[in-house]
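In: how would this look folded up:
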Amino acid sequence: MNIRVAKAYICCVMLFECLSIHASAADNKETGNLRVSLDYRQAPLWEVFKDFARQTDIHFVVEPVIQDRQITIYVRDVNPDDVLEAIAVINRLRYEHRNGTCYVSGIKPSTPGVFKSLNND
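Out: Next up, the predicted model:
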């Protein structure tokens, strides 16, 4: 094998390794390998979501009417989707994922028994 072919082969192997590492990191986010830990007692909802965002790189937009709602939560190393769903159900919230941002709003009292999560990713 001549030098030029050997260099091209080494470059291809290095590129493949870099792409594999990047794909592996992306797969971890998509398959739920991220974990969230939260420990709050009577904290404003916006503060909890701020910490949640810091740990997951998910941006949150919270409806102004509910952002000061007080919640108590303690979770350690839990899947972010499970934490978000629990916060939504217990606090009668609705959320929707769009382009890396999670929009959170309250469920109107006139909508009895509706706990709906929308995931459009």
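In: going forward, measure contacts and count neighbours with C-alpha atoms only.
Out: Fine.
In: For the chain, name the helix or strand with the lowest mean pLDDT.
Out: None of the helices or strands of the chain scores lower by mean pLDDT, DSSP states H and E than helix 3-30, at a mean of 43.
In: so after it, what's the next helix or strand?
Out: strand 36-44 (DSSP states H and E).
In: so where's the chain uncertain?
Out: Across the chain, residues meeting the criterion (pLDDT under 70) sit at 1-32, 109-121.
In: tell me the domain ranges of it?
Out: The record's domain parsing of the chain by automatic domain parsing lists 1-33, 36-119.
In: and stretch 54-66, how far apart are its ends?
Out: Start to finish, the residues bounding stretch 54-66 are 20 Å apart (C-alpha to C-alpha, to the nearest Å).
In: Give the buried residues for that stretch.
Out: For stretch 54-66, the neighbour count (16 or more other C-alpha atoms under 10 Å) marks Ile58, His59, Phe60, Val61, Val62, Ile66 as buried.
In: tell me the contacts of the first one?
Out: Meaning Ile58. Phe52, Gly100, Thr101, Cys102 (C-alpha atoms under 8 Å, 6 or more residues apart in numbering).
In: In ChimeraX, select just the buried ones from those.
Out: Of the contacts of Ile58, the buried ones can be selected in ChimeraX as follows, counting by 16+ other C-alpha under 10 Å:
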select :52,102
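In: Tell me the one of the contacts of Ile58 nearest Val36?
Out: Nearest to Val36 among the contacts of Ile58: Phe52, at 7.0 Å, using C-alpha to C-alpha.
In: angle of whatever helix or strand the closest one lives in against strand 36-44?
Out: Assigned by DSSP H and E, Phe52 falls within helix 45-56. Here the directions of helix 45-56 and strand 36-44 differ by 170 degrees (axes from the mean of the first three to the mean of the last three C-alpha atoms, to 10 degrees).
In: which ones are touching Thr101?
Out: Taking C-alpha under 8 Å, 6+ apart as the test, what Thr101 contacts is Ile58, His59, Phe60, Val61.
In: Go ahead and list the helix or strand containing the third one.
Out: What that stands for is Phe60. strand 59-62.
In: what's the next secondary structure element after the helix or strand where Glu85 lies?
Out: Using DSSP H and E, Glu85 sits in helix 80-90. Remark: after helix 80-90, the chain's next helix or strand is strand 93-98, criterion DSSP H and E.
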